[in-house]
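S.K.: Got a predicted structure here, sequence first:
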Amino acid sequence: MRLAVAQRSAVAQRSAIRAIATSPLRFAEHQPPVIQGEGAKDGTLASDEDQSTGIERFELMGRLQGVDVFDMNPLPADRLGTIENPIIVKSMASEQVIGCTGSPAESHVTVWMKLTKDIKYHRCPHCGSVYQLEHIGMDNDDH
């Protein structure tokens, strides 16, 4: 009887040691915050606030606070950008594609341009309007 108990306890110890040795050290890692809802309570339907996750939740929480997190408003088209006063395009990325339709708006066909943070001024070849990318993201966030 004693031998059987000792064997079971040795097997249990080995299993526990193996589980600890193979599991990742979660406390040592830097994890991003979890942004997800709590989910629906039993017997209820989940709302958007309860079940949204990730970027959808980020946008939803911004809307609830009255903030347009993606700033989808069009660029100002009431003037031509100049080198002294360019039209500023804010971007989290180091590159941004924009479409110029001239000033006043839609005075020429849409000309697509790729703005980069490496080039200070970008000029539309049709109307001459000057654009400048204002990089508001992190410098090492090129993906």
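M.R.: Right, received. Where do you want to start?
S.K.: quick one: contacts of stretch 113-125?
M.R.: Here stretch 113-125 makes contact (CB atoms under 8 Å, 6 or more residues apart in numbering) with 83, 86, 89, 91, 94-100, 102, 111, 129-133, 135. Using the backbone N, CA and C atoms, a C-beta is placed for each residue, glycine as well.
S.K.: If we use 7 Å, what do you get?
M.R.: Outside of stretch 113-125, the residues within contact range by CB atoms under 7 Å, 6 or more residues apart in numbering are 83, 86, 89, 94-98, 100, 111, 130-133, 135.
S.K.: Which of the residues in that stretch are classified as buried?
M.R.: 113, 115, 117, 122-124 (16 or more other CB atoms under 10 Å).
S.K.: How about stretch 67-78?
M.R.: So for stretch 67-78, counting by 16+ other CB under 10 Å, buried means Ala77.
S.K.: returning to what we had before: output the buried residues of stretch 113-125 as CSV; include the columns pLDDT.
M.R.: As requested, the buried residues of stretch 113-125 are exported to CSV (pLDDT from 0 to 100):
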residue, pLDDT
Met113, 95
Leu115, 94
Lys117, 87
His122, 95
Arg123, 95
Cys124, 94
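S.K.: how about Pro76, secondary structure?
M.R.: Under DSSP: H, G, I helix; E, B strand; the rest coil, the three-state class of Pro76 is coil.
S.K.: ok, it - contacts?
M.R.: Per CB under 7 Å, 6+ apart, neighbours of Pro76: Ile87.
S.K.: on that earlier part again, of the contacts of stretch 113-125, which is the nearest to Asp71?
M.R.: Distances from Asp71 to the contacts of stretch 113-125, taken as CB to CB, are shortest for Val89 (10.4 Å).
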